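Trainee: Give me a model of this one.
(one chain, ligands or ions: 2)
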Amino acid sequence: MRHAHTVEQVRAAEADLMARLPEGTLMQRAASGLAVAISNYLGHTYGARVVLLVGSGDNGGDALYAGAQLARRGAQVTAILLSDKAHDAGIAALTAAGGRIHPLASSAKGAAIASADIVVDGIVGIGGRPGLKPEAQAVVQVAVDHDVPIVAVDMPSGVDVDSGETPAEHVKAAFTVTFGTHKICHFVDPAAAACGPVHLIDIGLELPAPAVSAIQDADIRERYPVPHGESDKYSRGVLGLMAGSSQYPGAAVIATSGALAGPIGMLRYLGPDEVATAVRAAHPEIVAGEGRVQAWAIGSGLGDELEVDKVRELLNAEEPVLLDADGLKALDDSGDHIGVLATPHAGELARLLGVERSTVEAERLKHAKLAAERFDVTVLLKGATTVIAAPDGQVRVSSNATPWLATAGAGDVLAGLCGSLLAAGLTPLDAASLGAYLHGAAAQLASASGPLTAMQVAKKIPEATRLLLDQDIPG
Ligand SMILES: NC(=O)C1=CN([C@@H]2O[C@H](COP(=O)(O)OP(=O)(O)OC[C@H]3O[C@@H](n4cnc5c(N)ncnc54)[C@H](O)[C@@H]3O)[C@@H](O)[C@H]2O)[C@@H](O)CC1
Ligand SMILES: [K+]
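Mentor: Ligands and ions are numbered 1, 2, ... in the order given. Below you'll find the model as predicted:
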């Protein structure tokens with residue numbers, strides 16, 4: 001996993017390290033990493049036209065020192081000072097290296113930005129409040145109008161660093177270079193979408209447990225319940241699936257496709273006879289009717305046929321339960337639901353919490369955590385980046401989805417797959433994490449940069465799993 005820490009955690013780790021190192025060492029490490037990333041992006045340094053947008057703090061200092069390094073290697077570097085205050089030693093370094101300094105009032109600044117190969121956003125970093133001042137917004141707009149790529153120093157200025165929210169104007173970066181550890185805004189939308197690819201420069205910080213972790217390929221290898229020589233269909237896990245209705249029979253076929261593509265040894269389907277017939281026609285290996293299961297997945301396409309009392313009984317039983325779509329209506333905030341995984345999209349989470357959908361979309365991390373705490377469940381909030389919040393406060397994100405995945409039935413596949421991982425014995429947090437990541441990987445395979453259907457995603461899950469497990473097929 002990659003890890004993100006809060007501003008407070010980063011400041012404490014920086015203070016610890018700075019106390020042991022000569023003054024300025026950390027900033028030099030940061031600036032060197034930034035300069036190399038800019039050179040790599042441009043493909044050349046000599047003659048490159050680089051404009052630095054420099055705010056009043058150390059974020060501007062990073063930009064100035066990186067600019068000085070680039071200037072020493074032949075780049076034409078111009079700094080635009082957005083505040084009366086700027087990092088003095090950084091300005092001296094840039095000037096000594098042959099860089100130019102423009103105050104905000106300079107009439108030449110617009111032309112410098114318009115003809116730049118890259119603009120470096122050193123306006124604010126972890127010390128910034130959300131939003132851009134009008135003068136900063138104006139220069140950023142010149143870069144946007146002239147299609148000049150912007151590299152964000154630490155993070156795009158104007159985003160809310162610790163929540164990933166973007167309540168006001170902010171920079172949209174071509175890429176971001178960050179230092180020491182990731183910050184929450186790199187992982188959580190909408191801010192994450194403004195970062196572009198994020199490069200992490202190690203500056204030697206020693207960090208505590210992360211606030212948010214992002215799932216990577218290696219996590220699948222580490223945690224996927226791969227069967228072994230002694231496994232049988234029961235020990236691999238049996239999932240009970242309640243989905244689909246006479247109104248939405250397709251949801252059952254799609255959700256069962258997702259479940260069968262996961263690690264379980266057997267799938268039991270419970271639902272109306274005609275839907276069970278359709279499900280078994282699609283998947284003859286499915287067993288219809290009651291029986292012992294290790295986990296339940298309930299909800300996709302149930303419509304009005306949701307039996308709230310029965311579901312609440314299951315919520316209080318020992319087996320873990322996944323609640324999706326209509327099944328979420330059975331969730332209440334009384335009692336212990338520690339084994340429950342809820343998989344809402346923003347609209348469903350908004351209904352659960354009694355707020356507007358747009359509020360959830362703007363404050364995704366906050367509302368996922370709020371619901372995890374209030375309902376005592378693990379919450380998987382679907383979206384371009386999936387946010388997973390456990391009731392103990394752990395948060396993970398999965399960011400490998402393709403926008404083509406925004407298609408009917410994709411959520412049913414995810415519910416089936418996560419249910420399958422639950423039945424195979426993973427915790428709700430791991431089942432949600434691996435499910436979201438494998439779902440994203442399968443969608444990438446199914447899409448190959450083009451449209452896809454939910455059933456195509458389900459069909460690609462085994463291949464995505466195999467690639468991520470890096471296992472050759474025997475025989
Ligand atoms: N502390 C360290 O040792 C290191 C810090 N580093 C850099 O230092 C940055 C943090 O520096 P600072 O703590 O000086 O803080 P910033 O540079 O993020 O911001 C400093 C000042 O900007 C002003 N400000 C706040 N919000 C603003 C807004 N929306 N618009 C305009 N001005 C605003 C405030 O007066 C604030 O004090 C990090 O993000 C990173 O880039 C790196 O050099 C790594 C080492
Ligand atoms: K910045």
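
Trainee: Tally up the residues packed near the nearest residue to V7 once chain neighbours are set aside, please.
Mentor: Sequence neighbours aside, I126 is the residue nearest to V7 in space, at 4.6 Å (criterion: C-beta to C-beta, 6 or more residues apart in numbering). Placement of C-beta: from N, CA and C, glycine included. Look at I126: counted by other C-beta atoms under 10 Å, it has 22 neighbours.

Trainee: With the one 10 residues further on instead?
Mentor: When neighbours are defined as other C-beta under 10 Å, A136 has 23 of them.

Trainee: how about it, what does it touch?
Mentor: L53, G55, L82, I123, S157, G158 (C-beta atoms under 8 Å, 6 or more residues apart in numbering).

Trainee: out of those residues, who has the most neighbours?
Mentor: Neighbour counts for these, by other C-beta under 10 Å, peak at I123, which reaches 32 neighbours.

Trainee: so which of the contacts of A136 also contact ligand 2?
Mentor: With C-beta under 5 Å from the ion as the criterion, these include S157 near ligand 2.

Trainee: of the contacts of A136, closest to ligand 2?
Mentor: Within those, the smallest distance to ligand 2 is 4.1 Å, found for S157 (C-beta to the ion).

Trainee: Correct me if wrong: that closest one contacts I123.
Mentor: Yes. With contacts counted by C-beta atoms under 8 Å, S157 reaches I123, the gap being 3.7 Å.

Trainee: Common neighbours of those two, please.
Mentor: Going by C-beta under 8 Å, 6+ apart, residues that sit against S157 and also against I123 are G55, N59, L132, A136, V171.

Trainee: hmm, which two among those residues are most spread apart?
Mentor: Based on C-beta to C-beta, the longest span within the shared contacts of S157 and I123 runs between N59 and L132 and measures 13.1 Å.

Trainee: Now the common contact residues for these two.
Mentor: Residues touching both N59 and L132 (C-beta under 8 Å, 6+ apart): I123, S157.

Trainee: Quick check, pLDDT for the residue in the stretch 151-300 of the chain that ligand 1 sits nearest to.
Mentor: Nearest to ligand 1 in the stretch 151-300 of the chain, going by C-beta to the nearest ligand atom, is D154, at a distance of 3.7 Å. As predicted, D154 sits at a pLDDT of 98.

Trainee: For the lowest-mean-pLDDT helix or strand in the chain, name the packing helices and strands.
Mentor: Between all helices and strands in the chain, the lowest mean by mean pLDDT, DSSP states H and E belongs to helix 308-316, at a mean of 92. Secondary-structure packing of helix 308-316 (3 or more C-beta pairs under 8 Å, 6 or more residues apart in numbering; DSSP states H and E): strand 295-298, strand 321-323.

Trainee: For P190, find the nearest of these.
Mentor: Among the helices and strands packed on helix 308-316, the nearest to P190 by C-beta to C-beta is strand 321-323 (26.2 Å).

Trainee: before we move on, which element is L349 in?
Mentor: Element membership of L349 [criterion: DSSP states H and E] is helix 346-353.

Trainee: Would you mind pulling the contact partners of that helix?
Mentor: Here helix 346-353 has contacts from 325, 328, 331, 342, 344, 356-357, 359-361, 364, 367-368, 370-371, 374-375, 379, 381-383, using C-beta under 8 Å, 6+ apart.

Trainee: now with 7 Å?
Mentor: 328, 331, 344, 356-357, 359-361, 367, 370-371, 381, 383 (C-beta atoms under 7 Å, 6 or more residues apart in numbering).

Trainee: now swap in stretch 222-237 and tell me
Mentor: Contacts of stretch 222-237 (C-beta under 7 Å, 6+ apart): 263-266, 294, 423-426, 430, 434, 465, 469.

Trainee: Likewise for stretch 241-248?
Mentor: 251-252, 255-256, 259, 267-272, 274-275, 296-303, 305, 412, 416, 419.

Trainee: buried set for the least confident helix or strand of the chain?
Mentor: V311, L314, L315 (16 or more other C-beta atoms under 10 Å).

Trainee: So what pairs up with the residue in the stretch 1-150 of the chain that ligand 2 sits nearest to in the strands?
Mentor: For the stretch 1-150 of the chain, the residue closest to ligand 2 is D121, as judged by C-beta to the ion, at 4.5 Å. For D121, the beta-bridge partners are L53, A152 (DSSP bridges).
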